[in-house]
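[1] For reference, the sequence and a predicted model appear below.
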Amino acid sequence: MDIPRIFDISESAHRIHNPFTPEKLATLGAALRLEPGTRVLDLGSGSGEMLCTWARDYGIGGMGIDMSRLFTEKAKLRAEELGVADRVEFIHGDATGFVAEEKVGVAACVGATWIGGGVAGTIDLLARNLLSGGIILIGEPYWLQLPPTEEVARACRAGSISDFRLLPELLMSFANLDYDVVEMVLADQDSWDRYEAAKWLTMRRWLESNPDDDFATAVRAELTSAPQRHAAYTREYLGWGVFALMSPQWHRAARAPVMLASDRLSARASARMPLARPRGAAARPGRASTGSSCSTPTSSRTWSAIRAGRWRMRSPGRARPASA
């Protein structure tokens, strides 16, 4: 069990396998107000930077699971380097459907929602690992602006435009799953550059050391295309963030579904229009006949299957385990 080789090569020097800098990761930890002794579960833990630095800085403990043998070994070495190996554990494995024996205060899947078959399924999986009152962390892409064509969406490593949402719609989708968004930390262009551009030197150094490797042609092709693709597409269209969610303490029936702005406008328009009368019925005195009926559309978007990739994001052709 392992991830596609291109990721082991291109991200072998990464400590954070998402478009986050160490400063962003520290900001997220501080924003969550973590208490010493809090247990954190990280599905798709990558090289373990989130768990290791939070254990050092905030005294948390926990477990990370990732499909990459290389990244899992790096995570164990990082825990030893930071002196937290007695508090955090890293397992090489598939986190799909994973439920821990001990519930945790924070359950995270930062960039690997393929694990639960999409955002909603991943949230449900994380909730099964969560103590009452705990926090779910979801790392997820969103569109900064809608791509003009499906070809542009694919250049952003999405399967289609419908794979991702605009940020307001993504936040509303969490509410419609009956979760409060209680914090978020978003990537910016600098953190995107650090994540993407760091791959290029790593791939170049690998090609210099492995010119006769059978995989060299694929690495060369990726190195040639990646800088232009990132500048033209990723920087312009794709956002990414980590969102902290908490389940409300009241029954879900008490929460009205959140409507998108477009749905609210349609509903208001419908409310202003008279209902159609039955065919053949006379119009009410003093009122003109409209001869038509209207109905209020409702939002019925479902999460499309998440295209492969480590950041969900990460690979053009596979569902990827994410890293923190």
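    Arrived safely, thanks for sending. Numbers count the residues shown, from 1 in each chain.
[2] What ranges in the chain fall below the confidence cut-off?
    1-2, 249-324 (pLDDT under 70).
[3] can you map out the helices along it?
    Secondary structure of the chain (DSSP state H): helices at 5-10, 22-31, 49-58, 69-81, 119-127, 150-155, 167-176, 189-209, 216-229, 235-237, 261-272.
[4] Redo the ones you listed as a markdown table? Include distance to residue 37.
    Yep, even glycine has a C-beta here, placed from its N, CA and C like the rest. Output for these, formatted as a markdown table (distance: least, CB to CB, whole Å):
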| stretch | distance to residue 37 |
| --- | --- |
| helix 5-10 | 34 |
| helix 22-31 | 15 |
| helix 49-58 | 10 |
| helix 69-81 | 17 |
| helix 119-127 | 20 |
| helix 150-155 | 44 |
| helix 167-176 | 27 |
| helix 189-209 | 30 |
| helix 216-229 | 42 |
| helix 235-237 | 40 |
| helix 261-272 | 42 |
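[5] how about those helices, which one is nearest residue 247?
    Residue 247 lies closest to helix 119-127 among these, at 7.0 Å (CB to CB).
[6] measure the residue minimising distance to the centre of the chain to residue 149 for me?
    Closest to where the C-alpha atoms of the chain average out (CA atoms, centre = their mean) is residue 140, at 1.9 Å. Going from residue 140 to residue 149 by CB to CB, to the nearest Å gives 23 Å.
[7] Contacts only, for the closest residue to residue 180 other than its chain neighbours.
    Of all residues beyond its chain neighbours, the one nearest residue 180 is residue 246 (5.1 Å), with distances taken as CB to CB, 6 or more residues apart in numbering. By CB atoms under 8 Å, 6 or more residues apart in numbering, the contact list for residue 246 reads 133-136, 179-180, 182.
[8] Whichever of the residues you listed end up buried, select them in PyMOL.
    Applying 16 or more other CB atoms under 10 Å to those leaves a buried subset, and the PyMOL line that selects it is:
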select buried, resi 134+135+136+179
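[9] in stretch 236-245, what counts as buried?
    Per 16+ other CB under 10 Å, stretch 236-245 contains these buried residues: 237-245.
[10] Kindly apply the preceding question to stretch 201-213 instead.
    202-203, 206-207.
[11] which residues sit against it?
    Contacts of stretch 201-213 (CB under 8 Å, 6+ apart): 9-14, 216, 219-220, 222-223, 226.
[12] Scan these and report the most crowded one.
    Greatest neighbour count in the contacts of stretch 201-213, by other CB atoms under 10 Å, goes to residue 11: 25 neighbours.
[13] what's the neighbour count on residue 5?
    13.
[14] how far away is it from residue 70?
    Counting by CB to CB, the gap from residue 5 to residue 70 is 10 Å.
[15] Residue 200 now?
    19 Å.
[16] Neighbour count for the two, which is higher?
    Taking other CB under 10 Å, residue 200 and residue 70 do not tie; residue 70 has more neighbours (18 against 15).
[17] Contacts only, for that one.
    Going by CB under 8 Å, 6+ apart, the list of residues near residue 70 reads 8, 12.
[18] care to break the chain down by domain?
    With domains defined by automatic domain parsing, the chain comprises 5-250, 261-298.
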